[in-house]
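# got a structure for you, letters missing:
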């Protein structure tokens, strides 16, 4: 059974930092792009960050560029999202996702097949 399990969410004050982790089990995603999405209350799912199969290429939504960093450790089958200088508008449920069709970065939700259950990030002002 393939699973993506996120961890590291929580409550933080504006300006603070959190590091999200996404551990995959059941199969390897070492040859696949991985991504992070988020859903704020009352809003749709939003792309946040993506990383290529070997970590050489990354891409971000404009609102998090310079503050968030996506990385991966293929030996651990894990992807990370380091979030710095957090803002109240970053409050959302964050989801990890794995692509089956793309090895390069992709912002497209339909390119992702496996999804985690989500982890809540709340940033207070």
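Nice, I can see it. Please read these numbers as outputs of a predicted model, since none were measured by experiment. Numbers count the residues shown, from 1 in each chain.

# how far away is the residue nearest the centre of the chain from residue 80?
Nearest to the geometric centre of the chain sits residue 36, at 2.4 Å (Cα atoms, centre = their mean). Plainly put, residue 36 is 9 Å away from residue 80 if you go by Cβ to Cβ, to the nearest Å. C-beta here means a position set from N, CA and C on the backbone, and glycine is covered the same way.

# can you list residues touching both of these two?
20, 22, 70 (Cβ atoms under 8 Å, 6 or more residues apart in numbering).

# need those in CSV with pLDDT, neighbour count and secondary structure, can you?
What follows is the shared contacts of residue 36 and residue 80, written out as CSV (pLDDT from 0 to 100; neighbours: other Cβ atoms under 10 Å; DSSP: H, G, I helix; E, B strand; the rest coil):
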residue, pLDDT, neighbour count, secondary structure
20, 98, 24, strand
22, 98, 26, strand
70, 98, 22, strand
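
# List just the nearest of these to residue 32.
For those, the closest approach to residue 32 (Cβ to Cβ) belongs to residue 22, at 12.6 Å.

# what about residue 75, neighbour count?
The number of residues packed near residue 75 is 7, by other Cβ atoms under 10 Å.
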